[in-house]
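Participant: After the sequence you'll find the predicted model.
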Amino acid sequence: MLQSRSIHSSLGLKDRILSFDYVLVSSILILGITSMFAMYSTDGGEFKYHTNSHILRFCVFFGLFFFISLIKIRFWHSQSYLIYILFFLLLLGVKYFGLTSSGSKRWLDLYLMNLQPSELMKIGLILFLAKYYHRISIENINQIKFLFLPIIALVAPVILVATQPDLGTSILIAAGGITVAWLAGVRVKFFAFSGLIFLAVLPVAISFLKPYQKSRILIFLNPEKDPLGAGYQIIQSKIAVGSGGLFGKGFLQGSQSYLDYLPEKHTDFIFTLFSEEFGFFGSLFILFLYSLIVWRIIKIGNLTRSNFGKLYCFSFATAFFLYVVVNMMMVLGLLPIVGSPLPIMSYGGSSMMAIMFGLGIVMSCKVYNDMPVN
Amino acid sequence: MLNPGRGVTVIKSKLISRRMFLLTAAKAVVMVGLVGRLISLQINQSTKYKSLSDKNRFREWKLAPERGVIKDYFDQELASNEPLYQVHLVPENAKNLNELFVRLKGILNITDQKISYLKRVIKKQKEWEPVVVSDNLNWSEFSRINLFLHELEGVEPIVSVARTYPDNSSAHVLGYVSQISTKDLKTKKYLKDLSVPGMTVGKTGLERKLDEQIIGKVGFQRYEVNAFGKRIRKIQINEGQAGKSFKTTLDYEIQKYTNELLQDKAAAVCVMDVYNGDIVSLVSAPSFQPNAFVHGLNKKYWNSLINDGKKPLTNKAISGLYPPGSTIKTLVALSALENGIIKTYDTFTCKGKIELHGEKFHCWEKKGHGIVNLRKGIQRSCDVYFYEVARKLGVDRLSETAKKFGLGKQVLSDFFEERSGVVPNTKWKKKFIGQNWYIGETLHSGIGQGYFQSTPIQLCLMTAQIANGGFKIEPRIIFDKKNNNLRNYIKFKKESPNEPLPSNLLIKNFNLKPLFENQKNINIVKDAMFSSSNEPGGTSYRHRMENPKFTFAGKTGSSQIKRFTEAQREAEVKQTDLDYKDRDHALFVAFAPYNNPEYAISVVVEHGGSGGSAAAPIAQKIIKKVIERHDLRQEINYSEGEPT
């Protein structure tokens, strides 16, 4: 063990780069490039603001991914709590200094970019819990006293985000956290129990929901009821996807998005746009890339020796998968519109930053897969 | 060793992996679900969503087509189209609306009221939707707008077309057009796809009857629109198709002349070519301004039309019902001759009245006409003579002849408003009134009173069919092709007096339908009509024309509004002494020239008094004018081929 540590700690830059998972790297790159085309189309076939800044962001954060991958996994393990606390402070900062836009307070003005800490918290919580459960022995996991900290670590940011209000992100943060806990061995009974509590609290929680959030849930149940109001987005998105057909309308030919029938086409509905222009096969291509990414992350998790690495990789893979699936189900009319970006494809710096950060740590697990974390 | 116990780690990592395996399986299931959804949307339902997407994407703006033109026989336009100058404003393109309105006010006549109305409209609409600032500018206003256009950003001069009529002389025949009403959309099927803002439809007259053909095909501009309804680009434009144009048999000059003659009267005139039934003139008075209906009718004008006792909106020539009065005597005589009831030399003695079953039947001449034969009976319009003839003839035989000559049914098929009138007989009374026929009613029918109801155009047709020698003609007002069988037959007869072929075969060869048993009877009636107009003692002798070119033969008539009481009769009350509303309608029918008949005319002057004094002088003037234009008309008839 000592020997292996010394080997790895002395890995040269070249060795580290060579030990990257290149299937994963190229999947990310291909997805990134695809997203640039999609973004170019949302700008009406011109290099305008969204396209340019998306390209810039992808390049910058791809660099970040690369950089993080090169840092020892031990470092990330040791800094996990700190990272969580930093993200949490940023979230608190949003509450007091945040920017309000269309009714919700989600952003911090950091001069260079508007940061959305809730996106970072998605990764922060996974890191925190992965480290926490790495430490705890299997006998202790289901003891009540060891459940307090994770619950607090999970509930605090979720409530902060939910009250921004940002229902979608808060659910996804919670989902990530729950995944870690469950993978670490927390009994199903416990989740069932908290599920019951949640259900009991739900009516109270609903009364705290903003009217627009309530209406979104209602509209999801019956979008045709209000075709020009809140159901509009779902209907138009389905029309766009459906009218794409097998082969799509062609690059830059998506009439639904070009003529502004598609809402939020840069962000949440980027998949709709792509699907309209490239059809069923285009959609399958995107699904394939995402599946590939998830599969590679799981594979890295399998190869990693440390439980921290495993917990992190598996949880991140699951969370990543959830982000993708929730977004797609949303735009395909299978879930209410809760506002959740599609990883890498969607326009949005914080989401991109969080995902690249997360992927970077995964890659660090790969590079240092034999290395114990503490 | 910094790690916790290795064994524990292994167990733990196994647990993690096992749970991860479950999660991965779940992921696979979800993935399959997503692909299934994509298959459902993009493959199974893609046709549905494609059409929904196109529905989103394209929006059509319909363009009102140009109505077809209605022309007279000489290609003079009776109903045409004129450019309509409008000013539209697109608020989006205007820099400062208030400033723009101040400028517009300096150029156009727009009231502050209108401006504040427009501002309200603009607030309600989307900013790229145009508002109509002025919908009917004259040319000088329009050119001024164009001159100052550079400083009127947001203003768009628009040229459109609208219906226009040269005057009101043919208002009833042509009818009028007006904006489509919701009722029109419900009742007229052809309007289903034609609903375009600003489009007009025919409401009465030919405009209404021909509407379906004359209205044209709607064009459209198809635009790609964005989610907010803003036009992005023009995809397709279809100009539509102008409506079909129609040529009528009318003569605009005569229409104008007749209309002038009928000024201030409630009257109707119909002039017809006796050989082919071409309606040369069809005028009803008083007239109305058809142009007033095109751009939304002024309420005051509408009320004045509605409340006018002379009923300017009714086309009296085809839908005014009048008892034919003495004009029917021509048919009574003809029917009696044809049925062998009387001979020309049979006489009756008129003592001013006769009595039948205790009821008195008066002749209009209180002193009586003395001994009267058929010719004198018609010349003097002796009522007693026709009481006697009618009694012998019976109403059923009379009604048969009357129907044959065109009474009791619609003459043209070109008008919704034409009425068919009544030709009474015993069956008719049983059916519609539910009573038996009285012999006294036969006497009334014999002088065209009682149940008899006819329209001026029916009387004209009746006269024309007598004038042409008793042949059936099909009157028409829409000219389609030359129809000269009868005229050719008459010409042929004249040019070859020694034709050996018997005339019934000849008639068949010319494809004619005779209405008579013996043509001599027709000639007897024509001769009697000649005497009525041209021999002293005739009822219209005063208005005769001696020039043989214009000489006409006619029959006066008056239809009673109120029966005279015995007291009035004793006091010899004259029509002019009565209230306007109580006076008789004056009727006159005639054909001309007598020797070589070409035209028949009927004139009805409501409450005009007697036919000889009120209707005949009008007929005289019109006949002169019509015959003066006869050569011109024939030239057209023979020089032009089939119209397109």
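Facilitator: Thanks, I have it. Numbering: from 1, shown residues only, chains lettered A, B, ... in the order given.
Participant: contacts, neighbours, all on C-alpha from now
Facilitator: OK.
Participant: So for the residue in the stretch 51-200 of chain A that chain B sits nearest to, what's the nearest residue that isn't a sequence neighbour?
Facilitator: Residue of the stretch 51-200 of chain A nearest chain B, by C-alpha to the nearest C-alpha: residue A:183 (5.1 Å). Of all residues not flanking residue A:183 in the chain, residue B:16 sits nearest, at 5.1 Å (C-alpha to C-alpha, 6 or more residues apart in numbering or on different chains).
Participant: Next secondary structure element downstream of the helix or strand that that neighbour is a member of?
Facilitator: In this structure, residue B:16 sits in helix B:6-38 according to DSSP states H and E. Using DSSP H and E, the next helix or strand after helix B:6-38 towards the C-terminus is helix B:46-57.
Participant: can I get the CA coordinates of that following helix in CSV?
Facilitator: Below are the C-alpha coordinates for helix B:46-57, written out as CSV (Å, rounded to 0.1, in the frame of the first residue of the first chain):
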residue,chain,number,x,y,z
SER,B,46,-45.0,12.9,-36.0
THR,B,47,-47.6,13.6,-38.7
LYS,B,48,-49.9,15.2,-36.1
TYR,B,49,-47.1,17.3,-34.7
LYS,B,50,-45.9,18.3,-38.1
SER,B,51,-49.3,19.7,-39.0
LEU,B,52,-49.5,21.4,-35.6
SER,B,53,-46.1,23.0,-36.2
ASP,B,54,-47.2,24.2,-39.7
LYS,B,55,-50.4,25.6,-38.1
ASN,B,56,-48.2,27.5,-35.7
ARG,B,57,-45.8,28.6,-38.3
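Participant: What helices and strands are in contact with it?
Facilitator: helix A:231-244, helix A:255-258, strand B:219-225 (3 or more C-alpha pairs under 8 Å, 6 or more residues apart in numbering or on different chains; DSSP states H and E).
Participant: Return the most buried member of the ones you listed.
Facilitator: Highest mean neighbour count among the helices and strands packed on helix B:46-57 (mean count of other C-alpha atoms under 10 Å in any protein chain shown): helix A:231-244, with a mean of 27.
Participant: Return that helix as PDB; C-alpha atoms alone will do.
Facilitator: Below are the C-alpha coordinates for helix A:231-244, written out as PDB (Å, rounded to 0.1, in the frame of the first residue of the first chain):
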ATOM      1  CA  GLY A 231     -49.400  24.600 -20.600                       C
ATOM      2  CA  TYR A 232     -48.000  26.500 -23.600                       C
ATOM      3  CA  GLN A 233     -44.400  25.500 -23.000                       C
ATOM      4  CA  ILE A 234     -45.200  21.800 -22.800                       C
ATOM      5  CA  ILE A 235     -47.400  21.800 -25.800                       C
ATOM      6  CA  GLN A 236     -45.000  23.800 -27.900                       C
ATOM      7  CA  SER A 237     -42.100  21.600 -26.900                       C
ATOM      8  CA  LYS A 238     -44.000  18.400 -27.800                       C
ATOM      9  CA  ILE A 239     -44.900  20.000 -31.100                       C
ATOM     10  CA  ALA A 240     -41.300  20.800 -31.800                       C
ATOM     11  CA  VAL A 241     -40.000  17.300 -30.900                       C
ATOM     12  CA  GLY A 242     -42.900  15.500 -32.600                       C
ATOM     13  CA  SER A 243     -42.600  17.600 -35.800                       C
ATOM     14  CA  GLY A 244     -38.900  16.700 -36.000                       C
END
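Participant: Okay, angle between it and helix B:46-57 too, please.
Facilitator: Taking axes from the mean of the first three to the mean of the last three C-alpha atoms, to 10 degrees, helix A:231-244 and helix B:46-57 form an angle of 120 degrees between their directions.
Participant: which residues touch residue A:332?
Facilitator: A:234, A:237-238, A:241, A:272, B:37-38 (C-alpha atoms under 8 Å, 6 or more residues apart in numbering or on different chains).
Participant: Report the spatially closest residue to residue 142, excluding sequence-adjacent ones.
Facilitator: Answering for chain A, as no chain was given. Nearest residue to residue A:142 in three dimensions, chain neighbours excluded: residue A:186, at 5.6 Å (C-alpha to C-alpha, 6+ apart).
Participant: right idea, wrong chain: chain B
Facilitator: residue B:85 (6.4 Å).
Participant: Can you report phi and psi for the spatially most central residue of chain B?
Facilitator: The centre of chain B sits closest to residue B:205, judged by C-alpha atoms, centre = their mean, with a distance of 1.7 Å. For residue B:205, the backbone dihedrals (degrees, to the nearest 10) come out as phi 60, psi -150.
Participant: so what's it scoring on pLDDT?
Facilitator: In this model, residue B:205 is scored at 91, pLDDT.
Participant: How about the residues of the stretch 151-300 of chain A by chain B?
Facilitator: A:182-185, A:238-246, A:255-256, A:258-261, A:279-280, A:283-284 (C-alpha under 8 Å from any C-alpha of the partner chain).
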